[in-house]
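with the sequence up front, the predicted model follows.
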Amino acid sequence: MNIFTSKLLAWYAQHKRDLPWRHTKDPYTIWLSEVILQQTRVAQGLPYFNRFLKRFPTVKDLANANEDEVLKLWQGLGYYSRARNLHKAAKEVTQQHNGIFPSSLKELLTLPGVGPYTASAIASFCYEAPVAVVDGNVYRVLARYFDVEIPINHPKGIRYFQELAQSLIDVDKPSVYNQAIMEFGALHCTPKQPLCTSCPLENLCQSRANNTIALRPQKIKSKAVKNRFFHYLIPFDNRQNTLLNRREGKDIWHGLYEFPLLEADCMLTEKALKLHPNLPSWAAAASWTRFEDEVMTHKLSHQTLHTHFWILEDVKIKLPTPWTDVQNFGVPRLIERFLQKFNR
């Protein structure tokens, strides 16, 4: 065993967190935790993991749920394609594999939403397959320890780090090694203010020696952020019913529900909105009030949404959804934030 791996395993034995998915080899439980924790901190993801496991204790239970229920339970985590793929993969495991997760890396990679990282995690954590897991924490630890300049979001970098990680794995304890290096990146070799002075690898860390800690890992700059301008109409009829629409197509939030939306090239006044070509026929004669003067902003990975919410009262048609039922629909975080303020 190389010195990097031996020191890492010694650190992990002393510092690892007591997390529920570390007490099982059940592939369903581990798969669920890994999908939830993609691009999500443990503190944020743990309550979702507990709720999902309580509501869907087996993969068959998840497969038999409807998509709206899955998306509602996922509400607030973002990256909703993860939830849709979670549901699709559960159906595939149930229907094509009799409810038993595949054990080989090749078969795991055929499941919807399961990429190299998740497949490697399941294979090593559940079946002790000697395959290295490479996530953001692993990239950071390896890039710093070996002072690697190759960008981690370039195909060359992805290949390089996968091979490097594989060369370091403890083939006798692959599950422990993979969890150790990810835990070390999460708790010790953190993105900002890493604990270098108490690091067991400090004397061997090449970035520490070269004073390049803050520069590792390297990334190619992502594309520019797109600004979008949303105007949500919140209609009420005289029975205090409202209207929600299910988002379809390939845009953001597919499958979630929202109020009628008018999108424009900028923030519009009430007068300008009433001239919008997509204004519903029932909206023009309603009584309009803007909810808060301040524009609500919501940041996605490559988009920033600038939003006003307009309360439309005395709509002259019968609307289908009682206001008290809105809480039962899966909505984007942006809508959830509005509802939290509005219902105070």
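Ah, there it is.

please look at D170 and M1 and confirm they touch.
Yes: the criterion here is CB atoms under 8 Å, and D170 meets it with M1 at 6.1 Å. Quick note: C-beta positions are derived from backbone N, CA and C, even for glycine.

between the two, which one's more packed in?
A direct count of neighbours by other CB atoms under 10 Å for D170 and M1 places D170 higher, at 18 against 13.

who touches that one in this structure?
Contact analysis of D170 by CB atoms under 8 Å, 6 or more residues apart in numbering lists 1, 5, 9, 176-177.

go with 6 Å
5, 177 (CB atoms under 6 Å, 6 or more residues apart in numbering).

helix/strand/coil for it?
coil (DSSP: H, G, I helix; E, B strand; the rest coil).

do the same with the one 5 residues further on
Assigned state for S175: helix (three-state reduction, three-state DSSP).

just checking: what are the partner strands of the lengthiest strand in the chain?
With secondary structure taken from DSSP state E, the chain has its longest strand at strand 287-299. Strand 287-299 has its sheet partners listed here by DSSP bridges as strand 303-313 (antiparallel).

got the CA coordinates for the partner strand in PDB?
Extracted in PDB, the C-alpha atoms of strand 303-313 (Å, rounded to 0.1, in the frame of the first residue of the first chain):
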ATOM      1  CA  GLN A 303     -29.200  30.900 -15.600                       C
ATOM      2  CA  THR A 304     -30.300  33.700 -13.300                       C
ATOM      3  CA  LEU A 305     -34.100  34.200 -13.100                       C
ATOM      4  CA  HIS A 306     -35.400  37.600 -12.300                       C
ATOM      5  CA  THR A 307     -39.000  37.400 -11.200                       C
ATOM      6  CA  HIS A 308     -42.100  39.400 -10.200                       C
ATOM      7  CA  PHE A 309     -45.200  37.700  -8.800                       C
ATOM      8  CA  TRP A 310     -48.500  39.400  -9.700                       C
ATOM      9  CA  ILE A 311     -51.600  38.700  -7.600                       C
ATOM     10  CA  LEU A 312     -54.700  38.700  -9.900                       C
ATOM     11  CA  GLU A 313     -58.000  38.900  -7.900                       C
END
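
what is the helix or strand just after it packed up against?
For strand 303-313, the following helix or strand on the C-terminal side (DSSP states H and E) is strand 321-322. Applying 3 or more CB pairs under 6 Å, 6 or more residues apart in numbering; DSSP states H and E, one finds that strand 321-322 makes contact with strand 241-242.

now the helices for the stretch 101-250 of the chain?
Secondary structure of the stretch 101-250 of the chain (DSSP state H, counting those that start in this stretch): helices located at 105-108, 116-127, 136-145, 155-168, 174-187, 206-210.

that older thread, list the buried residues of the longest strand of the chain.
296, 298 (16 or more other CB atoms under 10 Å).

ok, and the closest non-adjacent residue to E149?
Once flanking residues are discounted, E149 sits nearest to Q218: 5.6 Å by CB to CB, 6 or more residues apart in numbering.

can you tell me how far the one you found sits from L273?
Distance, Q218 to L273, by CB to CB, to the nearest Å: 45 Å.

so for these two, which sits in the more crowded spot?
L273 (20 against 16).

OK, contacts around the more buried one?
With the criterion set at CB under 6 Å, 6+ apart, L273 makes contact with H231.

okay, it: pLDDT?
Looking at L273, its pLDDT is 97.

with S222 instead?
79.

my read: L9 touches A180, true?
Yes: the pair L9 and A180 passes the contact test of CB atoms under 6 Å, sitting 5.5 Å apart.
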